[in-house]
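what's the 3D shape of this:
(4 chains)
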Number of protein chains: 2
Amino acid sequence: MSMKAKILIVEDEVPICNFIEMTLKSKEYGVLCAKNGQEALSMIPSHCPDLVLLDLGLPDLDGITVLKHLRSWTSTPVIVVSARGDETDKVEALDLGADDYIVKPFGTSELLARIRTALRHSTSIHSGTTQNQFCVKGLKIDFPKRLVTIDSKEVHLTQIEYKIVSLLAKSAGRVLTYDNIITELWGPYALKDNQILRVNMANIRRKLEKNPAAPEYIFTEVGVGYRMVEE
Amino acid sequence: MSMKAKILIVEDEVPICNFIEMTLKSKEYGVLCAKNGQEALSMIPSHCPDLVLLDLGLPDLDGITVLKHLRSWTSTPVIVVSARGDETDKVEALDLGADDYIVKPFGTSELLARIRTALRHSTSIHSGTTQNQFCVKGLKIDFPKRLVTIDSKEVHLTQIEYKIVSLLAKSAGRVLTYDNIITELWGPYALKDNQILRVNMANIRRKLEKNPAAPEYIFTEVGVGYRMVEE
DNA sequence: AATTTTTTTTACACATTTCTTAAGGGTATC
DNA sequence: GATACCCTTAAGAAATGTGTAAAAAAAATT
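Numbers count the residues shown, from 1 in each chain, chains lettered A, B, ... in the order given. Have a look, this model is predicted:
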């Protein structure tokens, strides 16, 4: 938790943008700026901001259009900032998935408080509730619970074992090379020595497979890597 | 999903309360009313509203006090409705965990839109955290009363111990990492030192478990964190 | 101001995990 | 069938993580 959240400001009026940018930077948020809708939409996938401050009056795309596009694929929190205080505008934006709507001119401390509120929602530890799991034959991996079961019986895996198994499961059907796995788990600067991986795989198989010598779940691709059977 | 959400209105001025009640009922929400803070706090655990509309100017307890009490055990969405539009009031309420702050007089369609927004959050994010009791084997945690019992016998937990236990209980079945817990209890800027957590866990287990060396309720995931057994 | 309670720090024994080393066994190639 | 290569398995050493006790510091209570 060294750095605070990254916030994207979508605002065409430079002075306002600068003002908000300074305010946010003084509170140690990471700040990105987009001057129009197109720019905003192209920046979001690559920069993955934790929150978007969206002005409605943009030169190209309407802010509402930006919001629509955005909500079609992500639930990144969006606070709409607008000069228009009409109720219909507020209702439209909120119903399209905006998380809050602030009318200009606004106080900086209110803006900051509303940002904190929106971020609180998205970073709550309870927000990972989506039941994401991998099942194949008798093997089940419940990622949110970090729980592996064989025929409904819990199997205890160590940290590294669990990471290897879930990495393979997330690419089930595809071969992951030894380098892939080592780079992912021990970082890019680790020695590319497969031995440790083999030892771990032996231990994993002893825990998961009925007969480790004839695996059902994780197959060896000789000279290449390992592959988890597909769902 | 036959019936729409249940909303508790906390408001001492009868005409305003009636007006909001009618508005909400016309949109088929379930409506409850509390005329003061005490009443609100006693109604919430028993009626479990899906959302609270909280007026700040109450005859007995300050609305802020109500919010504080409420947030000590539940994350039920709260929209503060207030005649006071001062920034400091807004910031205070939002930082105490209010999800939104609307200044009177407000338009009904804006109110409804903000209610929809708040409910959207709670059903996608916190779903399941609005329980006010956790039971498993002989252990029972009553969140509104802040009471922990083992086989109906009260167990005294210190502040931190209680927070750790209830945090784990609210994510029962899931592993919470050391970082999760430390960040949640000591804030994001705390040193990530697990020792204090280990000490607390030892004390908690001494109080809850028959045999602390072979826990029934809270399990250790070596290298990862702790997990409360599921209900 | 003194006492009690709670929280944090320190120290250490013990348990688990991770890594290294080494032996053994397939399989393909010559 | 010998050789080389790679994979599996076992066993133990090294590194890391965990639980407990006790003392110190901080906070709350009287």
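
quick one: average pLDDT of the longest helix belonging to chain A?
When chain A is parsed with DSSP state H, its longest helix is helix A:108-123. Helix A:108-123 shows a mean pLDDT of 93.

which helices and strands sit right next to it?
helix A:14-26, strand A:51-55, strand A:78-82, strand A:100-103, helix B:87-95 (3 or more C-beta pairs under 8 Å, 6 or more residues apart in numbering or on different chains; DSSP states H and E). Heads up, the C-betas are built off the backbone N, CA and C, glycines and all.

got the contact list for A:Leu167?
Listed by C-beta atoms under 8 Å, 6 or more residues apart in numbering or on different chains, the contact set of A:Leu167 reads A:176, A:181, A:184-185.

Skipping adjacent residues, who's closest to the residue most central in space within chain A in space?
Compute the mean C-alpha point of chain A, and by C-alpha atoms, centre = their mean the closest residue is A:Cys48, 8.3 Å away. Closest residue to A:Cys48 apart from its sequence neighbours, by C-beta to C-beta, 6 or more residues apart in numbering or on different chains: A:Lys6 at 7.4 Å.

Surely the one you found is in contact with A:Cys33?
No. Judged on C-beta atoms under 8 Å, A:Lys6 makes no contact with A:Cys33 at a distance of 11.8 Å.

Make a markdown table out of the contacts of A:Leu167 and add neighbour count and distance to chain B.
Shown next, in a markdown table, are these (neighbours: other C-beta atoms under 10 Å in any protein chain shown; distance: C-beta to the nearest C-beta, whole Å):
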| residue | neighbour count | distance to chain B |
| --- | --- | --- |
| A:Leu176 | 20 | 22 |
| A:Ile181 | 21 | 18 |
| A:Glu184 | 13 | 17 |
| A:Leu185 | 16 | 13 |
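
May I have the beta-bridge partners of the residue nearest to A:Cys48?
A:Gly30 (DSSP bridges).

Kindly provide the distance from it to B:Pro105.
37 Å (C-beta to C-beta, to the nearest Å).

Give me the more crowded residue out of those two.
A:Lys6 (15 against 7; other C-beta atoms under 10 Å in any protein chain shown).

so what's the more buried one up against?
Taking C-beta under 8 Å, 6+ apart as the test, what A:Lys6 contacts is A:29-32, A:47-51.

need the residues of chain A near DNA strand D, please.
A:194-195, A:198-199, A:201-202, A:205-206, A:212-213, A:220, A:222-224 (C-beta under 7 Å from any atom of the strand).

any idea which of the residues you listed is closest to B:Leu147?
A:Arg206 (45.0 Å; C-beta to C-beta).

So that closest one lies in a strand, does it not?
No. Assessed with DSSP: H, G, I helix; E, B strand; the rest coil, A:Arg206 is helix; it does not lie in a strand.

ok, it touching A:Pro212?
Yes. The criterion here is C-beta under 8 Å, and A:Arg206 meets it with A:Pro212 at 5.4 Å.

Pick out whichever of these two has more residues nearby.
Neighbours per residue (other C-beta under 10 Å) separate A:Arg206 from A:Pro212, with A:Pro212 holding more: 16 against 9.

So which bits of chain A are right by chain B?
For chain A, the contact set with chain B under C-beta under 8 Å from any C-beta of the partner chain comprises A:1, A:75, A:87-88, A:90-91, A:94-95, A:97-100, A:107, A:109-110, A:112-114, A:116-117, A:120-121, A:124-127, A:129, A:144-147, A:158-159.

So among those, which ones count as buried?
A:90-91, A:94, A:97-100, A:110, A:112-114, A:117, A:121, A:124-125, A:129, A:145-147, A:158 (16 or more other C-beta atoms under 10 Å in any protein chain shown).
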